[in-house]
Each structure stands twice: as structure tokens, then as C-alpha cells.
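Novice: sequence below, structure please.
(one chain, ligands or ions: 1)
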Amino acid sequence: MIEEGIDGTDANPAAAREADEALRKAEDAELAARREHPENLDTEFASPLADADERVIESALRPKRLTDFTGQVRVREQLSLILQSALRRGRPPDHVLLAGPPGLGKTTIAMIVAAELSTPLRITSGPAIERSGDLAAVLSTLSDGEVLFIDEIHRLARPAEEMLYLAMEDFRVDVVIGKGPGATAIPLEIAPFTLVGATTRAGLLPAPLRDRFGFTAHLDFYSPGELEIIIRRSAGLLGVTLTDEAAVELSTRSRGTPRIANRLLRRVRDYAEVRADGVVTGDIARTALELYEVDFRGLDRLDRGVLEAVVRRFGGGPVGLSTLAVALGEEAETVEVVAEPFLVRCGLLARTPRGRVATAAGWSHLGLDPPPSLAEVPGLFD
Ligand code: ADP
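Specialist: So this is what the prediction gives:
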């Protein structure tokens, strides 16, 4: 079963046509929206979060099988073993937890798990399940072996979370009928299923929930080489011609994130179509990305805003997350989940017990001389 995806072809041409059509429509809508509101062109440009339109475009670019999935080599190997052994035993595999920043492929992996197991997939998210009844409705209608994907699982309401414990362990839910002292819990058998949970904040998951996953995968940022492969594959699917130099340029500016790589590719394609002959060259890519305010390391406005605030307003830190968020007028979660992991990964920012601190490289990235205390200890934060 797992080998079926090796050639990367889509087993269902009708579905592929449908995806193509959806992609075309979403792109048209996106272009129209941008023509209508050119002022929105550069906002949230390099955010790893996707909006609804983008989700449609993404679905056409998503690798469908494990063998098409680039990078995350260890996770892929471990997952392949788990899935193969489940198929051999004829039983659903252990529940899988995927942790990592947005845009790194968690939803894609959930879809791949279902495809490799040839089972249906049900998708929901923590915030969508407001009451335990919502979850009971989902769980009680799962078919045998179905994969249930809960995105942002750290945001599940407490009663739903408790219901999930029992469901994950015993494939059973207790439905409570009535209220107060007369309330009774009626146990309800549910079909064996595999839960794939995704979270951008694994630290927020309560231990009893975390422990019920048989396999936890931590997704990491992608290397430029891996992103280059992803960009070339997406360019093929979108019919974009790009030079090797352009592929390298895009890969180093994609913040280690496939979602951003695909987005940058579409934006430079637009630029190449409007301002040139449609071919994305290195020069075109650089000029377009400058226009969109994505710098040579892939930092966007929010990233630079965080770094600038730490350096210029708080003298390089340490500064606490909530103070920093207030200074930026952003949600603390946006700063923590969207900007920080990449800044830390680049060695521009460090998290210390006393707060966030700009590293010597962080100061230099803004064209400033690091204070002597940082400069004197080379490599302290590298
Ligand atoms: P997440 O759920 O972690 O936010 P997604 O799974 O939605 O991320 O991935 C975002 C986009 O990035 C998808 O359109 C997908 O095409 C692309 N993508 C993610 N990981 C990979 C990968 N390893 N190889 C190719 N494309 C990928």
C-alpha cells in the first residue's frame, strides 16, 4: 500500500482534475482580490499561517503519499514503519501527535496517513469543538479505522479533552444524559480509529493527553536544499518556469517553511508574468521579494518588528513575551508561534529564563553594532 505512491502519480484522475479546477478558481479569486486591494499586497506576506483561499491552493500542491513528502526524514521513516506494521496487522495504528510551527506539513501528514491506510479522513480542530457533545457527535460517526485529524488540539475545551482520553484508550465515550444529581453517563462504543493531533504548542498539552499518543513527531524547519526540491515540484504543478538560481534564491528566503516557499513562488510568478516574460530568474525573484519586503534571510515585517523592538526599545533585552507583544500591538501567541521559532532558529534571538534577548547576530542583522557585552563573548548565542 505504502509503495503505491512511489511514482508520485495521483491514483484518481477525476480528483486531480477537480483539484486543478479548484486551484485555478482560488488563484483567480486571489488575483482579483489583489487587483481590487493592492494595498493588501504585502501584508502578512511571509506569515506561515494560511487563510481560507490559500488552503484551497495548498490542497493542489500537497504531496499525497509518504514517498512524495520531502524532508523530515526521520519522522517519515518512523511513520512508514508504523503504518506498514498496522497494515500488516490489520489494525489501526497508534495515535499520532504532530508538533511544530505552522506551515511545516502537519495537515499534509494527516492526509498522507489516511491515504496510506486507504481509510477516510475526518478533519476538525480544537477551536471548532466547543462542547463535549460536538466531539461525541464526531466520534460516534467515525467508521472503522477512520483517521480523525484534530488541528490545534491544544485548544480543545477541557470537557472535550477528557472525553477524548477515554475514546483514545478504550474506543468508548460516556454520553451524559440529564443534569445535576439525576445525570447518568451512558457508555457508547465507538469504532476503532486513529487520532492524528496537531499542535504548534506541544508544551500546552496536558500530560494525560500527550501520554495517550503512541507516536509523537516533532517537525523541524526545512533546509534550503529540501525547500528547493519542494519549490521545483510546486513549480512543475503550477506550470511555472524558474531558473536554478531563482529556486535557490526562493529556498533561502522561505523561512524554512514549505507553506511560505509555495507562497513566495506564486508571488514571484505573478511578478514575472506582469513585469517580464513569465520566466522566474534569479534577478526577478530578488526584485520581487524586495518589493514584498522579504529580506535575504526570509525575515518578514513581523520578524523584523520583533527583532527591532527587542533591540531598539528594550536595549537588546531581556524582555518578557507579553511586554514584547504589547509593544508590537500583536497577540503574544502570534509572536511566540509565528515569529520567534524562526528567529531563534536563525540565531538572531535567544530565549533565556529572564526573557527574550537579541544575539550579536540579531543586532548585526539590523545593521547595528552589538553592545560590547555581547560582542566580547563571540559565539555565546550563535
Ligand atoms: P501545517 O498543517 O503544519 O500548518 P500544511 O500541512 O498545511 O502545514 O502544509 C502547508 C503547505 O506546505 C501545503 O500546501 C503543502 O503543500 C506544503 N508542504 C508542507 N510540507 C511539505 C513537504 N514536506 N513537501 C512538500 N510540500 C509540503
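Novice: would you map the strands across the stretch 251-382 of the chain?
Specialist: With DSSP state E, counting those that start in this stretch as the criterion, the stretch 251-382 of the chain has strands at 349-352, 355-358.
Novice: which other helices and strands contact the first one?
Specialist: Applying 3 or more CB pairs under 8 Å, 6 or more residues apart in numbering; DSSP states H and E, one finds that strand 349-352 makes contact with helix 340-345, strand 355-358. For the C-beta atoms, the positions are set from N, CA and C on the backbone; glycine is no exception.
Novice: so which of the ones you listed is nearest the ligand?
Specialist: With CB to the nearest ligand atom, the closest approach to the ligand among the helices and strands packed on strand 349-352 belongs to helix 340-345: 12.3 Å.
Novice: helices of the stretch 151-300 of the chain, start to end?
Specialist: 158-170, 207-210, 224-238, 244-252, 258-275, 282-291 (DSSP state H, counting those that start in this stretch).
Novice: mind putting those into a markdown table with distance to residue 347, mean neighbour count and mean pLDDT?
Specialist: Below are the helices of the stretch 151-300 of the chain laid out as a markdown table (distance: least, CB to CB, whole Å; neighbours: other CB atoms under 10 Å; pLDDT from 0 to 100):
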| stretch | distance to residue 347 | mean neighbour count | mean pLDDT |
| --- | --- | --- | --- |
| helix 158-170 | 36 | 18 | 93 |
| helix 207-210 | 29 | 14 | 93 |
| helix 224-238 | 15 | 19 | 96 |
| helix 244-252 | 15 | 21 | 97 |
| helix 258-275 | 19 | 22 | 94 |
| helix 282-291 | 21 | 18 | 94 |
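Novice: to residue 359, which of those helices lies closest?
Specialist: With distances scored as CB to CB, the stretch of the helices of the stretch 151-300 of the chain nearest to residue 359 is helix 244-252 (19.6 Å).
Novice: quick one: residue 255 from the ligand, how far?
Specialist: As defined by CB to the nearest ligand atom, to the nearest Å, residue 255 lies at a distance of 12 Å from the ligand.
Novice: same question but for residue 285, I mixed them up
Specialist: Distance, residue 285 to the ligand, by CB to the nearest ligand atom: 19 Å.
Novice: touching, that residue and residue 250? I think so.
Specialist: Yes - contact criterion CB atoms under 8 Å: residue 285 and residue 250 qualify, at 5.8 Å.
Novice: residues of this protein that sit close to the ligand?
Specialist: 58, 61-63, 69-71, 102-108, 198, 230, 258-259, 262 (CB under 6 Å from any ligand atom).
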